[in-house]
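[1] The following comprises the amino acid sequence and a computationally predicted model.
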Amino acid sequence: MSTNGASLQQLHTFHLPVSAHRVITVTTPDELLNAWTQAKQEQQAVLLLGEGSNVLFLEDFSGTVIINRIKGINVRESDTAWHLHVGAGENWHQLVCFTLDNDLAGLENLALIPGCAGSSPIQNIGAYGIELKRVCDYVDVLNLNTGEIERLSAEQCLFGYRDSIFKHKYQDGYAIVHVGLQLSKEWVPILEYGDLKKLDAATVTPKEIFDSVCAMRRSKLPDPNITGNAGSFFKNPIVSTKELQKLVEQYPDIPHYSQNNGTEKLAAGWLIDNCSLKGFTIGGAAVHKQQALVLINQGNATSKDVISVAHHVRSEVFKRFSVLLEPEVRFVGKYGEINAVEAIS
């Protein structure tokens with residue numbers, strides 16, 4: 001389905017008043033390839049979009065927006081695991097619900113993360129102690145220049161903290177069409193964060209973890225259907241052990257989480273909150289009053305408002321903690337994605 005001169009306000013969760021020259025919804029890899037080829041023949045910029053849950057449009061997009069709605073969930077069983085082949089256009093949370101409804105454990109900590117399955121490898125989504133790389137088996141990528149589908153193993157995806165090869169080598173000219181997940185039959189509960197620590201590892205069920213995660217997220221995060229937002233706006237910053245020691249001397253209660261490579265992850269929300277920025281407003285944009293990590297559209301925000309709030313938050317956190325925050329949200333300009341750090345610096 002193709003629409004010319006279309007509003008994007010209901011196609012991204014910030015719900016900002018922006019539009020695109022054309023919007024095309026596709027349901028198969030062939031349709032996706034045809035839409036991309038048509039746009040390129042017309043010398044138009046192209047943006048691939050899932051549910052728009054991690055995007056900030058800075059202005060109207062001058063080209064074609066392709067909405068990926070490739071669906072399907074196929075399950076195969078082996079001796080040790082359940083193997084899922086998932087269409088990139090499947091809603092991520094509904095996929096988590098599907099696995100639990102079918103007694104397939106392993107995704108429960110990732111409940112209520114907005115967006116499509118196809119977006120999950122790009123960000124290497126994570127929450128409550130689990131990242132996608134823990135369960136990812138492969139990612140099928142459509143080469144838009146050749147029409148061929150290439151399967152990348154999890155190792156080839158080069159997953160990092162909110163990072164992957166899909167933000168680099170495979171960012172332009174490629175589209176994720178399927179994601180392969182592997183859920184081990186030897187289920188081990190992950191109870192490291194928040195209220196999950198209160199659960200008994202010996203008796204807890206995947207459904208109990210799912211319910212707890214949903215309760216925590218709903219208590220902190222605004223529903224984008226009611227209040228426009230893109231979830232966590234900033235990444236949790238990574239600092240050296242030496243930098244952490246300096247911070248702990250000044251702020252003994254600063255939350256931090258040791259990483260495998262000898263660095264430490266800080267809680268961006270805590271840093272922002274301790275700059276007394278909850279509720280800070282410019283125009284129609286604000287820092288959410290319940291969760292400082294979330295920037296919101298109070299109903300009439302412009303892209304400029306959101307950028308201004310983000311700039312102020314970054315500046316205040318740096319002034320107090322000497323830590324520079326980086327956006328987790330992807331910024332899109334008139335012709336495509338731009339450097340988010342530069343946009344708010």
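    Yes, it's here. Residues are numbered from 1 along each chain as shown.
[2] hey, let's count contacts and neighbours off CA atoms from now on
    Will do.
[3] how about the helices in the stretch 201-345 of the chain?
    Secondary structure of the stretch 201-345 of the chain (DSSP state H, counting those that start in this stretch): helices located at 206-220, 241-250, 268-273, 303-321, 340-344.
[4] Identify the bridge partners of residue 180.
    Here residue 180 sits in beta bridges with residue 85, residue 138, going by DSSP bridges.
[5] So what's the predicted local confidence for it?
    The predicted local distance difference test score for residue 180 is 98.
[6] From residue 285, how far off is the residue nearest to residue 33 when sequence neighbours are not counted?
    Closest residue to residue 33 apart from its sequence neighbours, by CA to CA, 6 or more residues apart in numbering: residue 144 at 6.0 Å. Summarising the geometry, the distance separating residue 144 from residue 285, computed by CA to CA, to the nearest Å, is 37 Å.
[7] The two: which has the busier surroundings?
    Neighbours around residue 144 and residue 285, counted as other CA atoms under 10 Å, are more numerous at residue 285. The numbers are 27 against 18.
[8] Can you get me a residue count around residue 156?
    Using other CA under 10 Å: residue 156 sits among 12 other residues.
[9] what secondary structure does it sit in?
    The local conformation at residue 156, judged by DSSP: H, G, I helix; E, B strand; the rest coil, is helix.
[10] tell me the contacts of it?
    Taking CA atoms under 8 Å, 6 or more residues apart in numbering, we find residue 156 in contact with residue 165.
[11] Let me see the confidence value for it.
    For residue 156, the predicted pLDDT is 98.
[12] now do the one 3 residues further on
    Reported pLDDT at residue 159 in the predicted model: 96.
[13] and what of the one 10 residues further on?
    Taken from the predicted model, the pLDDT recorded for residue 169 is 94.
[14] How many residues are close by it?
    Look at residue 169: counted by other CA under 10 Å, it has 10 neighbours.
[15] From residue 303, how far out is it?
    In this structure, residue 169 lies at 28 Å from residue 303, with CA to CA as the measure.
[16] One more: residue 336?
    Here the distance between residue 336 and residue 303 works out to 15 Å (CA to CA).
[17] Would you mind measuring from the residue located most distally from the centre of the chain to residue 321?
    When distances to the mean C-alpha position of the chain are computed (CA atoms, centre = their mean), the maximum falls on residue 249, with 32.9 Å. Distance, residue 249 to residue 321, by CA to CA: 12 Å.
[18] Same check on residue 193?
    Summarising the geometry, the distance separating residue 193 from residue 321, computed by CA to CA, is 24 Å.
[19] Of the helices of the stretch 201-345 of the chain, flag the one that's most buried.
    Per residue and on average, the most neighbours among the helices of the stretch 201-345 of the chain fall to helix 268-273, with a mean of 21 (mean count of other CA atoms under 10 Å).
[20] Which other helices and strands does it contact?
    If you count contacts as 3 or more CA pairs under 8 Å, 6 or more residues apart in numbering; DSSP states H and E, helix 268-273 packs onto helix 303-321.
[21] Just want the angle from the helix it packs on to helix 241-250.
    With axes from the mean of the first three to the mean of the last three CA atoms, to 10 degrees as the basis, helix 303-321 and helix 241-250 are set at 80 degrees to each other.
[22] Render the CA-only coordinates of helix 303-321 in PDB, please.
    This file holds the C-alpha atoms of helix 303-321, laid out as PDB (Å, rounded to 0.1, in the frame of the first residue of the first chain):
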ATOM      1  CA  SER A 303      11.200  18.400  17.100                       C
ATOM      2  CA  LYS A 304      13.100  21.600  18.100                       C
ATOM      3  CA  ASP A 305      11.600  21.400  21.600                       C
ATOM      4  CA  VAL A 306      12.800  17.800  22.100                       C
ATOM      5  CA  ILE A 307      16.300  18.700  20.800                       C
ATOM      6  CA  SER A 308      16.400  21.600  23.200                       C
ATOM      7  CA  VAL A 309      15.400  19.500  26.200                       C
ATOM      8  CA  ALA A 310      17.900  16.800  25.200                       C
ATOM      9  CA  HIS A 311      20.700  19.400  24.900                       C
ATOM     10  CA  HIS A 312      19.900  20.900  28.300                       C
ATOM     11  CA  VAL A 313      19.800  17.500  30.000                       C
ATOM     12  CA  ARG A 314      23.200  16.500  28.400                       C
ATOM     13  CA  SER A 315      24.800  19.800  29.500                       C
ATOM     14  CA  GLU A 316      23.500  19.700  33.100                       C
ATOM     15  CA  VAL A 317      24.700  16.100  33.600                       C
ATOM     16  CA  PHE A 318      28.100  16.900  32.200                       C
ATOM     17  CA  LYS A 319      28.400  20.000  34.400                       C
ATOM     18  CA  ARG A 320      27.700  17.900  37.500                       C
ATOM     19  CA  PHE A 321      29.200  14.500  36.800                       C
END
